[in-house]
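Undergrad: Quick one, structure for this:
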Amino acid sequence: MKKTLSLLLVLALALGLLTACGGAQSPASTGEAPAESAASVQESAAPEPEDMPGTNPNALIQGEPVEPASAEEPAPEPEEELPQFVEVELPITEEPATFSIWYTWPPVLTNFIEGPGATPFAQELESRTGVHIDYQIVNTETASADFSLMVAAGDYPDMILGASSYYNNPDQLLEDGVAVNVEPYLDDLMPNLKAVLAQNKDWELAAYTDSGAIVECYRFEIGTEMNVGPVIRKDYLEKLGKDVPVTYDEYHDVLSAFKNEIGASAPLLMPYTGLTNYFSIGYGVPAELRNGLFYVQDGQVKYAGMEQDYYDFVTLMAKWFEEGLIDPDFLSRTTSTDPDFGLIASGDAGVWTANVLMFDMYKDAVDDPDFAITGTSYPRKTADGPVMYVNDASPTNPGYTVTTDCHDVETCLRWIDYWYSQEGTFLANYGLEGVSFEYDENGDPHLNETILQSPIGLPSSLTCSIYITNGGPYVNDCARLQYYFGENQKAAMEIWDRSGMEICSEGYPADAGLTTEEAEEYAAVMSDIETYMEEIVTSVLVGNEPVSKLDEVADNLTAMRIQEAIDLKQAAYDRYLAKAD
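TA: Here you go, the predicted structure:
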């Protein structure tokens with residue numbers, strides 16, 4: 001049984017990016033499809049917007065502004081009244097309508113359900129709106145190649161899921177004749193999307209392209225800021241009589257004890273991609289080579305490879321590696337960016353990065369009865385030292401693009417706008433009463449045990465996909481998943497909360513995109529630089545080159561024209577901020 005759970009968990013970790021809410025919720029690979037459809041469950045009438053108590057702990061669907069998840073000061077409140085949510089008249093169309101959508105669907109989900117159209121949520125959505133969706137299923141593993149072939153053929157369905165993710169800059173969807181610009185329709189056909197965008201500056205910046213268009217109706221995320229962080233073996237700390245570490249020196253002391261006194265062979269886990277931002281933020285710089293080393297400090301874009309703080313951090317990690325405090329085989333673990341579960345299960349790992357949703361899965365799948373983990377602080381130079389705000393993940397996830405081949409743009413946009421309404425947002429987050437959620441004694445909705453405590457051991461990411469939805473254009477409230485969180489999980493999120501920390505820099509925003517021309521110039525410069533940085537940093541880290549080699553990096557990068565890449569990133573960042581004006 002334990003061996004089976006281990007196998008399921010490895011697969012789950014590989015599929016973690018399919019979900020929002022921090023990106024590490026993880027589906028398993030076996031189980032049963034739901035026996036009931038929307039037609040066979042008790043009908044659940046949608047509550048009127050004014051009668052929807054507690055539908056969103058973050059207050060969005062009550063129409064109250066949500067503060068942007070940014071290290072910068074929030075924008076001043078606008079003088080004019082915010083756009084309001086409106087109730088959508090149902091059904092959307094008097095005559096039944098059908099729209100097609102190009103929809104990526106993980107093969108593993110077919111073990112549980114026929115497809116996205118078979119979920120109770122999808123059937124209820126069709127019943128309410130009168131709109132049937134013909135899902136053209138695309139394997140997630142071949143989606144990029146399939147998308148390119150579709151664009152080359154110039155033949156599109158009515159909608160595409162996640163179209164902008166296949167471009168450096170979403171404006172190219174307009175240039176290629178793929179997308180309809182939604183922006184002109186906001187007032188007349190999409191008032192609820194307009195109201196959503198008014199709630200959060202980061203959402204608005206992400207939604208609009210550099211040209212002022214809206215080419216994808218995204219899924220906007222709230223409640224994700226504190227879901228992921230470093231964790232540590234709490235039982236090891238207790239056995240050694242040590243406190244949870246905060247500073248790099250304290251981490252060094254604890255990891256050394258894990259190695260020398262506990263016998264852990266890989267005290268600190270790292271993915272095969274190398275250094276992680278969650279450990280470098282105490283130096284104020286990013287460290288993840290394959291995610292780029294660009295960041296922002298006082299409005300200026302910088303490249304960490306040019307900064308002494310980065311060299312100091314790499315030097316420290318090289319020292320830890322030499323002392324046996326870092327997984328010696330991390331470079332060979334190329335199947336996933338997630339921590340190696342085998343080392344966690346064997347007790348050889350002491351510290352790694354995890355999503356809070358994984359806590360119970362680790363506990364259930366590890367044989368050691370004493371196994372216990374707890375969230376631990378991001379390492380810093382001093383206990384109250386400044387950190388980099390890691391915000392390089394987009395506040396959005398893939399949504400729906402209406403294509404230029406859509407046979408009825410107006411009806412399609414009204415259908416999408418229903419998703420953004422209070423009623424539609426509630427449905428997309430909670431599904432049907434008695435199926436995926438229940439009301440408590442105070443009239444507040446909560447996802448039920450079918451979703452959060454699956455009787456067959458499935459994680460909430462997978463049960464949400466089976467009973468509600470795994471994608472679409474709505475506001476995804478990840479806080480709703482916290483209802484069954486244990487004290488350990490809640491404590492971890494408090495530890496990872498950076499709201500009270502001094503911020504010295506922030507990650508480069510994922511939605512600050514380059515133009516097509518800029519992307520070509522950038523690729524011409526960065527191709528060799530990225531190869532060089534990966535080779536030199538990895539060589540220094542594992543001891544194949546002396547740390548003195550880092551003294552040459554800045555001059556070499558200058559000769560390789562790194563400043564041109566920085567200037568391109570700065571231009572994109574400035575345009576990104578200008579969209580808010």
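
Undergrad: all helices of the stretch 251-400 of the chain, in order?
TA: Under the criterion DSSP state H, counting those that start in this stretch, the stretch 251-400 of the chain contains helices at 277-280, 308-322, 341-346, 359-365.

Undergrad: just the stretch 101-250 of the chain next, same as before
TA: Using DSSP H, counting those that start in this stretch, helices in the stretch 101-250 of the chain cover 120-129, 143-153, 172-175, 186-189, 191-197, 201-207, 234-240, 248-257.

Undergrad: And the pLDDT at Pro49?
TA: In this model, Pro49 is scored at 36, pLDDT.

Undergrad: before we move on, the earlier item: and the helices of the stretch 251-400 of the chain, which is most packed in?
TA: helix 277-280 (a mean of 22; mean count of other C-beta atoms under 10 Å). Just so you know, the C-beta spots here come from the backbone N, C-alpha and C atoms, and that holds for glycine as well.

Undergrad: which other residues reach that one?
TA: 228-230, 286-288, 291, 310, 313, 317, 353, 378-379, 388, 390, 392, 507 (C-beta atoms under 8 Å, 6 or more residues apart in numbering).

Undergrad: Is there a quick ChimeraX command that grabs whichever of the residues you listed are buried?
TA: Burial among the contacts of helix 277-280 is assessed by 16 or more other C-beta atoms under 10 Å; the matching ChimeraX selection reads:
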select :228,229,230,286,287,288,291,310,313,317,353,378,379,388,390,392,507
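
Undergrad: Which members of the contacts of helix 277-280 are positioned in strands?
TA: Counted as lying in strands by DSSP state E, out of those, are 228-230, 353, 388, 507.

Undergrad: among the helices of the stretch 251-400 of the chain, which is nearest Val402?
TA: Among the helices of the stretch 251-400 of the chain, helix 277-280 comes nearest to Val402, with 35.2 Å by C-beta to C-beta.

Undergrad: Would you mind listing the residues in contact with Val88?
TA: Applying C-beta under 8 Å, 6+ apart, the residues near Val88 are 192, 414, 417-418, 421, 423-424.

Undergrad: Can you tell me how far it is from Thr396?
TA: Val88 sits 22 Å away from Thr396, going by C-beta to C-beta, to the nearest Å.

Undergrad: now Asp329
TA: The value you get for Asp329 to Thr396, if C-beta to C-beta is used, is 36 Å.

Undergrad: What distance do you get for the closest residue to Ile137 other than its chain neighbours to Gly471?
TA: Using C-beta to C-beta, 6 or more residues apart in numbering and skipping residues adjacent in sequence, the residue nearest Ile137 is Trp105, 4.7 Å away. The gap separating Trp105 from Gly471 is 9 Å, by C-beta to C-beta.

Undergrad: Also Asp249?
TA: Counting by C-beta to C-beta, the separation of Asp249 from Gly471 is 44 Å.

Undergrad: and what of Phe279?
TA: For Phe279, the distance to Gly471 - C-beta to C-beta - is 31 Å.

Undergrad: swap in Tyr484?
TA: Tyr484 is 23 Å from Gly471, by C-beta to C-beta.

Undergrad: next one: Asn139
TA: Using C-beta to C-beta, Asn139 is found at 15 Å from Gly471.

Undergrad: Which one's more surrounded, the two?
TA: The neighbour count for Asn139 versus Gly471, taken as other C-beta atoms under 10 Å, is higher for Gly471 (22 against 12).

Undergrad: Give the buried residues for stretch 430-450.
TA: 430-433, 435-437, 445-448, 450.

Undergrad: how about a markdown table for the residues you listed, with pLDDT and secondary structure added?
TA: Shown next, in a markdown table, are those (pLDDT from 0 to 100; DSSP: H, G, I helix; E, B strand; the rest coil):
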| residue | pLDDT | secondary structure |
| --- | --- | --- |
| Tyr430 | 96 | helix |
| Gly431 | 96 | coil |
| Leu432 | 97 | coil |
| Glu433 | 97 | strand |
| Val435 | 95 | coil |
| Ser436 | 95 | coil |
| Phe437 | 95 | strand |
| Pro445 | 95 | strand |
| His446 | 94 | strand |
| Leu447 | 93 | strand |
| Asn448 | 92 | coil |
| Thr450 | 89 | helix |
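
Undergrad: Export those residues to a markdown table and append columns for distance to Asp384.
TA: Output for the buried residues of stretch 430-450, formatted as a markdown table (distance: C-beta to C-beta, whole Å):
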| residue | distance to Asp384 |
| --- | --- |
| Tyr430 | 40 |
| Gly431 | 44 |
| Leu432 | 48 |
| Glu433 | 47 |
| Val435 | 48 |
| Ser436 | 43 |
| Phe437 | 41 |
| Pro445 | 40 |
| His446 | 37 |
| Leu447 | 37 |
| Asn448 | 42 |
| Thr450 | 44 |
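
Undergrad: Just name the shakiest helix or strand of this protein by mean pLDDT.
TA: The helix or strand of the chain with the poorest confidence is helix 2-14; it has a mean of 37 (mean pLDDT, DSSP states H and E).

Undergrad: Where does the prediction get shaky in this structure?
TA: By pLDDT under 70, the weakly predicted segments of the chain are 1-80, 224-225, 272-273, 334-338, 391-393, 456-457, 581.

Undergrad: Asp171 touches Thr515, doesn't it?
TA: Yes - if you go by C-beta atoms under 8 Å, Asp171 and Thr515 touch, sitting 7.2 Å apart.

Undergrad: Between these two, which contacts overlap?
TA: Contacts common to Asp171 and Thr515, judged by C-beta under 8 Å, 6+ apart, are Asp210.

Undergrad: you'd agree Ser499 is in a helix?
TA: No - remark: Ser499 does not belong to a helix; assigned using DSSP: H, G, I helix; E, B strand; the rest coil, it is coil.

Undergrad: how far away is it from Gly385?
TA: Counting by C-beta to C-beta - Ser499 and Gly385 are separated by 16 Å.

Undergrad: who has more neighbours, these two?
TA: Counted by other C-beta under 10 Å, Ser499 and Gly385 do not tie: Gly385 has more neighbours, with 17 against 7.

Undergrad: The more buried one: what's it in contact with?
TA: Neighbours of Gly385 in contact, by C-beta under 8 Å, 6+ apart: 247, 282, 502.

Undergrad: Kindly report the same for Pro230.
TA: By C-beta under 8 Å, 6+ apart, the contact list for Pro230 reads 278-279, 351-354, 375-379.

Undergrad: cool, Leu514 as well?
TA: By C-beta under 8 Å, 6+ apart, Leu514 lies in contact with 168-169, 522, 568-569, 572.

Undergrad: Between those, which sits nearest Ala207?
TA: For the contacts of Leu514, the nearest to Ala207 is Asn169 (14.0 Å; C-beta to C-beta).

Undergrad: Find the nearest non-adjacent residue to the closest one, please.
TA: Nearest residue to Asn169 in three dimensions, chain neighbours excluded: Gly513, at 4.1 Å (C-beta to C-beta, 6+ apart).

Undergrad: Tell me if I'm right that that neighbour and Asn168 touch.
TA: Yes - with contact defined as C-beta under 8 Å, Gly513 and Asn168 form a contacting pair (5.8 Å).

Undergrad: So these two - more neighbours on which side?
TA: Neighbour comparison, Gly513 and Asn168: the larger count goes to Gly513, with 22 against 17 (by other C-beta under 10 Å).

Undergrad: Ramachandran angles for that one?
TA: phi -90, psi 150 (degrees, to the nearest 10).

Undergrad: Ok, Asp327 next?
TA: phi -40, psi 110.

Undergrad: Val88 too?
TA: Per-residue torsions, Val88: phi -90, psi 130 (degrees, to the nearest 10).

Undergrad: Show me the beta-bridge partners of the closest residue in space to Trp203 that isn't next to it in sequence.
TA: Excluding the flanking residues, the one nearest Trp203 by C-beta to C-beta, 6+ apart is Phe220, at 4.9 Å. When bridges are called by DSSP bridges, Phe220 pairs up with Thr396, Val475.

Undergrad: surely Phe220 meets Thr396?
TA: Yes - with contact defined as C-beta under 8 Å, Phe220 counts as touching Thr396 (5.7 Å).

Undergrad: and the two? which has more neighbours close in?
TA: Under the criterion of other C-beta under 10 Å, the comparison of Phe220 against Thr396 puts Phe220 first, with 30 against 24.
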